[in-house]
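Trainee: The sequence isn't on hand, but the structure is:
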């Protein structure tokens, strides 16, 4: 603890402003030296490198046309009638051969797009192609450009300016909530500037890590990281400022009060940060590349956030003195927050009826968790984006007039000397509409374009891909591999299920170890982890139900359960640490039951404020175009509110009261009576 005493003395000293200058200089150097994120406009890479479909992608680079990818042009009449010969004359000159649909109401052609293009460069190329192919065509035609390159271009376009919008809306939400919390026209600026600076430095550090590790910090990774930095950083700031305000009621000198606040709040803030960072690092065990990228980027961002809050915020507050709270300036009047107020009344009522309160609250959480029953997981390519781009509309048009899988054919590769056997198997396989050889590579591989008669991304399509793989594996020496959109979707779903089985238990183990090390109390750690898991499941169930019935989402994204569980458990334990470390501080003088009552009284306001801020910040993720981000915003926002108003305020005090002093076993606090009346000298 002497370390924290020395640390608090340094960051609140009269010359602590030097720390601000050093941090500012380092920040400017990093931002200027590293620059912006090159992958900000790209879609998440959710395909594991060892998946069969990923191997197909790699082998396709051997084919002569590997340097191009086909964009698909779909033509229909605006009056939904059959196409006429004169409708297609100009298009044939631009596209060459056209394929007419069986109902003669649609036609398709292909345009080559440079395969090397990505992000906003791809957007520009697709927009040029659209302008070119539509120019000079007869009136009454609807011409849409879709296919893989068009999807990539539209995704990048949907992210154009989105991160700036996210930053602006997040900062506005945090500013508004800080003004409401502090009721001061001045104070809110200090934590907002500190956390905002941390966010910009975190984005730069993430870009540098991406270049060093080869991981792609795409638009969604950057967005989630920014929300975490703002949300968690603001929470840390709220905890420190709240303790600072309490200490100002006990100390006439603001630097002394600030030193006590940094000394007592610092360990809880750091422990909370370590818990979330350690949980994020477990994502490196995942097989999905975008999940690993999020783990690295968000963990680095939160390390930056805690550095700024623990170093820059006390130094900034020390400069302004107690008048930063104007017009409600705390005075040295010995007011004790732990013995009065609404939160004290609620906690006192809870511990008087702990059985009734705990059972009622647990029934509510269990009912919410029941929303997971029957919830579907897995979105098709066109369902992953809230924006209705031309590529999505063209995809739907193509599917309406051609076999369901024509919009996104499956790719099969096999050794050329087994081509006859492969063709025979594909032609006889149920679920396959047609299989067409489309070229041979210099290494002797033959490629087939296979059209399925199932809706892309559907369970029927996945079943057909699995059957195809099983049947082709029986051909001796063929070395057949199945890739393409549906195969990639299937491989991604399997990898996501694997990641949930591996990462979720690891997160729980990490959180349990940290709580045991921090509290040195086995029952408390087990109880708190158990309640956090139930709360996370309740939020997942409630969020899945709301997404389906209110927002019309067809399913949860494959990554949503893992991401949501991670954030809910890690951030839920975050608030638990704020509460329970204060309870441990109060227990020696007041006992386990009154200790938790006083802890709720002292931290109720700040935990509520922090929870509302974090929930609101996560909801801001909805400004980004990916449905998974909207789902995360809904689920995590709801979960944080459940944690704030039900778990921390009601469930934990009730369970602490029921368990009594044994909650702290084997810590010496387990021998302190449940309701200890301190001597006047110890108050």
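Mentor: Here it is on my side, so go on. Since this is a predicted model, take the numbers as computed values, not measurements. Numbering: from 1, shown residues only.

Trainee: where does the stretch 201-350 of the chain have low pLDDT?
Mentor: Across the stretch 201-350 of the chain, residues meeting the criterion (pLDDT under 70) sit at 334-340.

Trainee: Buried residues in stretch 277-295, which are they?
Mentor: 277-283, 286-295 (16 or more other CB atoms under 10 Å). Every C-beta, even on glycine, is put in place using the N, C-alpha and C of the backbone.

Trainee: give me every residue that touches the most centrally placed residue in the chain.
Mentor: For the chain, the residue nearest the mean C-alpha position is residue 224 (4.8 Å; CA atoms, centre = their mean). Counting by CB atoms under 8 Å, 6 or more residues apart in numbering, residue 224 touches 294, 298, 563, 621, 629, 632.

Trainee: The first one: which element?
Mentor: To tie it back to what came earlier, the one meant is residue 294. Secondary structure assignment for residue 294, by DSSP states H and E: helix 289-307.

Trainee: For that helix, which helices and strands make contact with it?
Mentor: helix 189-213, helix 219-248, helix 254-281, helix 560-619 (3 or more CB pairs under 8 Å, 6 or more residues apart in numbering; DSSP states H and E).

Trainee: ok, 6 Å please
Mentor: In terms of contact count using 3 or more CB pairs under 6 Å, 6 or more residues apart in numbering; DSSP states H and E, helix 289-307 is assigned the packing partners helix 189-213, helix 219-248, helix 254-281.

Trainee: which residues are contacting that helix?
Mentor: 44-46, 198, 201-202, 205-206, 209, 215-217, 221, 225, 228-229, 232-233, 273, 276-277, 280-281, 283-284, 286 (CB atoms under 6 Å, 6 or more residues apart in numbering).

Trainee: try stretch 547-566
Mentor: So stretch 547-566 is contacted by 279, 376-379, 383, 492-493, 496, 499-500, 504, 507, 536, 540, 544, 628, 631-632, 635-636 (CB under 6 Å, 6+ apart).

Trainee: how about 7 Å then?
Mentor: 46, 279, 288, 291, 375-379, 383-384, 492-493, 496, 499-500, 503-504, 507, 536, 540, 544, 627-628, 631-632, 634-636 (CB atoms under 7 Å, 6 or more residues apart in numbering).

Trainee: returning to what we had before: emit the ChimeraX select command for whichever of the contacts of helix 289-307 are buried.
Mentor: Selection of buried members from these for ChimeraX, criterion 16+ other CB under 10 Å:
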select :44,45,46,198,201,202,205,206,209,215,216,217,221,225,228,229,232,233,273,276,277,280,281,283,286
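
Trainee: residue contacts, residue 258?
Mentor: 12, 244, 314, 317-318.

Trainee: Can you tell me, leaving aside adjacent residues, what's nearest to it?
Mentor: Leaving aside its sequence neighbours, residue 258 sits nearest to residue 12 (CB to CB, 6 or more residues apart in numbering; 4.5 Å).

Trainee: Quick check: that neighbour touching residue 260?
Mentor: No. Using CB atoms under 7 Å, residue 12 is not in contact with residue 260, being 9.2 Å away.

Trainee: who's more crowded, the two?
Mentor: Neighbours per residue (other CB atoms under 10 Å) separate residue 12 from residue 260, with residue 12 holding more: 23 against 19.

Trainee: Check the gap between that one and residue 280 for me.
Mentor: 30 Å (CB to CB, to the nearest Å).

Trainee: How about residue 510?
Mentor: Taking CB to CB, one finds residue 510 at 10 Å from residue 280.

Trainee: hang on, residue 385 packs against residue 626?
Mentor: Yes. Residue 385 is within contact range of residue 626, at 6.3 Å (criterion: CB under 7 Å).

Trainee: thinking again about what came up before, among the contacts of residue 224, who's most crowded?
Mentor: The contacts of residue 224, ranked by neighbours (other CB under 10 Å): first place residue 298, 30 neighbours.

Trainee: Quick check: phi and psi on residue 447?
Mentor: phi -110, psi 140 (degrees, to the nearest 10).

Trainee: So residue 413 lies in a helix, does it not?
Mentor: No. Using DSSP: H, G, I helix; E, B strand; the rest coil, the assignment for residue 413 is strand, not a helix.

Trainee: and it, bridged to which residues?
Mentor: Bridge pairing for residue 413 (DSSP bridges) gives the partners residue 447, residue 481.

Trainee: Let me know the distance separating it from residue 439.
Mentor: Residue 413 is 10 Å from residue 439, by CB to CB.

Trainee: And those two? Which one has more around it.
Mentor: Shown here are residue 413 and residue 439; by other CB under 10 Å, residue 413 has more neighbours (23 against 13).

Trainee: isn't that one right next to residue 447, touching?
Mentor: Yes. Between residue 413 and residue 447 there is a contact at 5.7 Å, judged by CB under 7 Å.

Trainee: pLDDT weak spots in this protein?
Mentor: 1, 35-44, 161-163, 334-340, 381, 387, 676-683.

Trainee: quick one: the strands in it?
Mentor: 68-77, 99-100, 106-114, 141-146, 410-415, 432-440, 445-452, 481-484 (DSSP state E).

Trainee: Show me the one of those strands that comes nearest residue 267.
Mentor: strand 481-484 (51.4 Å; CB to CB).

Trainee: other SSEs contacting that closest one?
Mentor: Counting contacts by 3 or more CB pairs under 7 Å, 6 or more residues apart in numbering; DSSP states H and E, strand 481-484 is packed against helix 52-59, strand 410-415, helix 459-473.
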